[in-house]
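> Give me a 3D structure for the following:
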Amino acid sequence: MTAIGPSANVVVLGIAKRNGTPISFWEFIRMGAVVTVITVVIAAPYLWLRYFVLV
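As a prediction, the model looks like this:
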């Protein structure tokens, strides 16, 4: 969700800045939060079904 941590995120920010399209920390957080929420909404029911219902 944040630009700090995973090395791939740091690389993306560096490439964007080098190409003249810098991405601010808050822009990254805003988009990362959306992706994180979508991922959790999809993954949580799957994990619940896989490990508790379909044992």
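> Mind listing what's buried along stretch 10-17?
If you call a residue buried by 16 or more other Cβ atoms under 10 Å, then stretch 10-17 has these buried ones: L13. The C-beta positions use only the backbone N, C-alpha and C, and glycine is treated the same way.
> what does stretch 14-31 give?
F28.
> residues in contact with that stretch?
M1, T2, A3, N9, V12, L13 (Cβ atoms under 8 Å, 6 or more residues apart in numbering).
> how far away is S24 from Y51?
S24 sits 39 Å away from Y51 when distances are taken as Cβ to Cβ, to the nearest Å.
> before we move on, the earlier item: so can I have CSV of the contacts of stretch 14-31 showing pLDDT, secondary structure and distance to V41?
Formatted as CSV, the entries for the contacts of stretch 14-31 read as follows, by pLDDT from 0 to 100; DSSP: H, G, I helix; E, B strand; the rest coil; distance: Cβ to Cβ, whole Å:
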residue, pLDDT, secondary structure, distance to V41
M1, 82, coil, 14
T2, 84, coil, 19
A3, 84, coil, 22
N9, 90, helix, 21
V12, 90, helix, 24
L13, 92, helix, 26
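> okay, those in CSV with distance to G20 next?
As requested, these are exported to CSV (distance: Cβ to Cβ, whole Å):
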residue, distance to G20
M1, 25
T2, 23
A3, 18
N9, 19
V12, 14
L13, 13
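> Which of these sits closest to V55?
Within the contacts of stretch 14-31, the smallest distance to V55 is 31.1 Å, found for M1 (Cβ to Cβ).
> hang on, the earlier thing: nearest to T39 among the contacts of stretch 14-31?
Of all those, the one sitting nearest T39 is M1; the distance, using Cβ to Cβ, is 9.6 Å.
> you'd agree the closest one is up against V34?
No. Checked against Cβ atoms under 8 Å, the pair M1 and V34 is beyond contact range at 9.4 Å.
> who's more crowded, those two?
Taking neighbours as other Cβ atoms under 10 Å, M1 and V34 compare with M1 leading, 16 against 11.
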